[in-house]
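**Q** structure, please.
(chains A and B)
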Amino acid sequence: MANEKIQRISLANLEMNFQEVEQGLTNQEAVEESNRCLYCYDAPCIKACPTGIDIPTFIKKIASGNLLGSAKTIMSSNPVGASCSRVCPTDELCEGACVLYHSTKPIMIGNLQRYATDWAMKNGQTLFQPGQANGRSVAIIGGGPAGLSAARELARLGYEVTIFEGSEKAGGLNTYGIVSFRLPQKISYWEVEQVEKLNVNIRTNTMVGRDILVEEITENFDYVVLAVGMAHVPNLGVEGENLEGVYDAIELVKATKSGQLSEAFIGKRVVVIGAGNTAIDGATCSVRLGAENVKILYRRTEEEMTAYDFEYEFAKQDGVEFRWLTAPKRIIGDDAGKVTGIECIKMKLGEPEKDGRRRPVAIEGSEYIPPVDAVVKAIGQTRHLKLIEEFGLTNDRGVVKVDPETFQTSNPKVFACGDVVFGKGNGDAMVVTAAQQGKDVAHAIHKHYSVVGTAN
Amino acid sequence: MADLRINLAGIQSPNPFWLASAPPTNSGYQVQRAFEAGWGGAVWKTLGDPILNVSSRFAAVSFNGQRVAGFNNIELITDRPLDINLKEIYETKKRFPNHAIIASLMVEPKQEKWHEIVKRVEDVGVDGLELNFGCPHGMAERGMGSASGQVPALVERQTYWAKEVAKTPVIVKLTPNITDITATAEAACNGGADAISMINTINSLMGVDLDSWNTIPHVAGKGAHGGYCGPAVKPIALNMVAECARHPHINVPISGIGGISNWKDAVEFMLMGATGVQICTAAMHHGFRIVEDMIDGLSNYLDSKGIAAVSEIIGKSVPKYSDWGNLDLNYNIVAKINTDVCINCNKCHIACEDTSHQCIDRLTDANGMSFLKVREEDCVGCNLCSIVCPVDGAIDMVEAVREMPPMTWNERQAALSGAAILKADVTK
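**A** Residues are numbered from 1 along each chain as shown, chains lettered A, B, ... in the order given. As a prediction, this is how the structure comes out:
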């Protein structure tokens, strides 16, 4: 199986390797699957969806041939519902809660959601209209899932919304961070377009703190939503990190979604450090860029890895090798400054840490040096600490503190949502969670305006 | 293996499965293929004066993605010359002497017309005749088919004309497009019918196209009602068979027709009084090979019940079919939800809450898990919850403890009027 998959990787046409892997449902499949849905009352799938999509309703609408209604049902609850249909860990969410999970097999909720939103995309539908202007303005910093979701909701409520986006295109993680063979960029662009159609002003290539001052924003807008997500992958803290051939996994993925695909990986040996979903992305992208061998090094074991099961399976099918209990000690380069090898050390699991996971401990004298041509770092993400400090917001090492109810930061005018508030114990770093937080922030602002704002 | 042979008013066939008079029995080629596949008999597509057909003839209802839940046609009787049909009947009978071939007939309601056609088809060796008083479209506009079949006097008279010359058994096929089918069934008996068959198709318009606003099907932008059949009509047909079977003045064998899709349906029709069954839509949907499972399933069923011959089941459920006034008012059943099987879709709850008797509660157990429970004291035993439940065994309808002795409405009314008479006597 793994070999078959590898053989499908084309070295002559890298573009082909980055086409969406999963095919959408055919009309016939969608009709059959939608009719299989029981249309539960007070369905558990709705509760399992972080954005609370009325799943039985949108599926019933597919069955009845009301695809516009179906797409609206999905997108009204989740402004990035087309992306989520592709990237959500549905087995852990809606499909995992399906009442048919154990009796037969769960309804393919994700695929049906994709079917309905694909229809809306193909048919050029505009799903929502802006609300009647209420004269209030909101600045949203960051055009990723959380920011877009907040913008969409606020625009429907009548706010004048401006999104400040540092990159060339909005969409954030959906546009740049999720591998295109899972989530093609056009999906994210369509979601951005849906938000733009609500008269939301999206100022791309505009990084707050660099291209526009923080004060300008806080002074000129009634409310501010900070939805900047997270930053680059941190340093490993080992020797050789600056050698040519050491990559940041997020930058690597972004590069595969920014036009020309690099041919630098063809026939190369690659190691990826880390075992989260980003590490999987870094590894599978490397495979698709033509790498001859890709290994994931992880200092803990299969048990502790944070990647979703389906991502792990996907990587294995792509022929990615896993080296558990292995940590990098230094990256070795040649005279020209290019990576040639990586010194690894074997680990063992020691006492449990605060989060319950056992601490990996190095085994002295177990060092070895596999030859490699590239090293991809995927050990988490750093925070936009500087920007947060410029806003003067209370934070815990870059995780902005918010009121769990109102998402209000230490500055009552500034709200925050998405990965910028995500920290240990603060929820899950999923696109769908960010989307919900965006909605929550919008409603919190609206509530604040309704109570406080109208009194001004 | 059980004996599957039947004898319907003297017409013998190796099993109870006949192809009904319809497109599948249009030609000798088709009927011979059907016999090779195992069909016990075939009622040849209706013979009469050749007609002209239109193009675009069939349509079907899909229900929730399930194809051919109901089927409709506007095709008329045979459009092939009578001579050719007769020649093919002769050849087919010669090749399959033990299979039943019945000629379906439809002519103008004139004595000489009936005499002529009966003689001609009997000359080629058919086992029986079926008078088509049921076809609801096209021919009815010319005074034939269901136009005849809706008038008891015409049914009786034309049956009589056919019987005047017929040497083989005459089956009269009845239309369901009538308020009380026992009226025409009785008329057929009075005319001398040896058997009756039912139902023919039901007047139907299959649909309207949402884009063109044309009827479905349409012929160059115009539509006309067709005849409805297929699985959806089975309950209607079964009732009509049962009503005739339990009628004291209808004492001829019944050939059951209408939505029979498998051996189970056939068993139901036979239990309700049919001596054999006729099938069309299932064959049109799946081909003649579908009969293999019908024969096999029926045989296995009879073996499992220790029944030696299929003829033993004919009419066995008829005594159980009666009028509402003879039902026991004091019989109680209630729903029981088996929480270990229940998958918590809550469909029973919302169905009961919104549309029935509000007696299924959503509760939470000590572990915070939700479960459903029937308040039996409020349950009227309507069955709705068990009908909408998607999981077998999750809801049982169980007999509740009987609080009163059996009493039907009729018995109750009789007792009340008796008491009234008694009271009147006392006050006198």
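**Q** so where is chain A shaky, pLDDT-wise?
**A** By pLDDT under 70, the low-scoring segments of chain A are A:1-7, A:424-428, A:453-456.
**Q** can you list the helices and strands that the longest strand that it contains packs against?
**A** If you go by DSSP state E, chain A has its longest strand at strand A:339-352. Helices and strands touching strand A:339-352, as assessed by 3 or more Cβ pairs under 8 Å, 6 or more residues apart in numbering or on different chains; DSSP states H and E, comprise strand A:326-333, strand A:358-362, strand A:374-377. Heads up, the C-betas are built off the backbone N, CA and C, glycines and all.
**Q** so which of these is nearest chain B?
**A** Of all the helices and strands packed on strand A:339-352, strand A:358-362 sits nearest to chain B, with 30.0 Å by Cβ to the nearest Cβ.
**Q** re earlier: the inter-axis angle of the longest strand of chain A versus strand A:358-362?
**A** Put simply, strand A:339-352 runs at 130 degrees to strand A:358-362, going by axes from the mean of the first three to the mean of the last three Cα atoms, to 10 degrees.
**Q** other residues contacting strand A:339-352?
**A** Residues outside strand A:339-352 that contact it (Cβ atoms under 8 Å, 6 or more residues apart in numbering or on different chains): A:240, A:243-246, A:271, A:297, A:299-301, A:323, A:325-334, A:358-363, A:366-375.
**Q** now a ChimeraX select for only the buried ones of those.
**A** Remark: buried members of the contacts of strand A:339-352, expressed as a ChimeraX selection using 16 or more other Cβ atoms under 10 Å in any protein chain shown:
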select /A:240,243,245,246,271,297,299,300,301,325,326,327,328,329,330,331,332,333,360,362,372,373,374,375
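**Q** and the longest strand of chain A, what's buried?
**A** Result for strand A:339-352 [16+ other Cβ under 10 Å]: buried residues A:339, A:340, A:341, A:342, A:343, A:344, A:345, A:346, A:347, A:349.
**Q** mind naming the longest helix for the chain?
**A** Looking at chain A here, since you left the chain open. Secondary structure of chain A per DSSP state H: the longest helix is helix A:431-451.
**Q** to clarify, I was referring to chain B.
**A** Identified as the longest helix of chain B according to DSSP H is helix B:409-427.
**Q** list the contacts of it.
**A** Under the contact criterion Cβ under 8 Å, 6+ apart, helix B:409-427 has outside partners B:323, B:324, B:325, B:326, B:327, B:329, B:407.
**Q** can you tell me the closest non-neighbouring residue to residue 148?
**A** All of this is about chain A. Leaving aside its sequence neighbours, residue A:148 sits nearest to residue A:195 (Cβ to Cβ, 6 or more residues apart in numbering or on different chains; 5.2 Å).
**Q** actually it's chain B I care about, not the one you picked
**A** Using Cβ to Cβ, 6+ apart, the closest residue to residue B:148 is residue B:154 (4.6 Å).
**Q** tell me which element the one you found is part of?
**A** Taking DSSP states H and E as the criterion, residue B:154 maps to helix B:152-165.
**Q** domains in the chain, by residue range?
**A** Chain wasn't specified; assuming chain A. Domain segmentation of chain A under automatic domain parsing yields A:22-122, A:137-231+A:382-455, A:246-377.
**Q** if you could check chain B rather than the one you did, that'd help
**A** When chain B is parsed with automatic domain parsing, its domains come out as B:6-316, B:324-399.
**Q** the longest helix of chain B: how far from the chain's middle?
**A** Centroid separation for helix B:409-427 versus its chain: 41 Å, with Cα atoms, centre = their mean, to the nearest Å.
**Q** again with stretch A:310-326
**A** Distance of stretch A:310-326 from its chain centroid, counting by Cα atoms, centre = their mean, is 20 Å.
**Q** span of it from start to end?
**A** Using Cα to Cα, to the nearest Å, one end of stretch A:310-326 lies 23 Å from the other.
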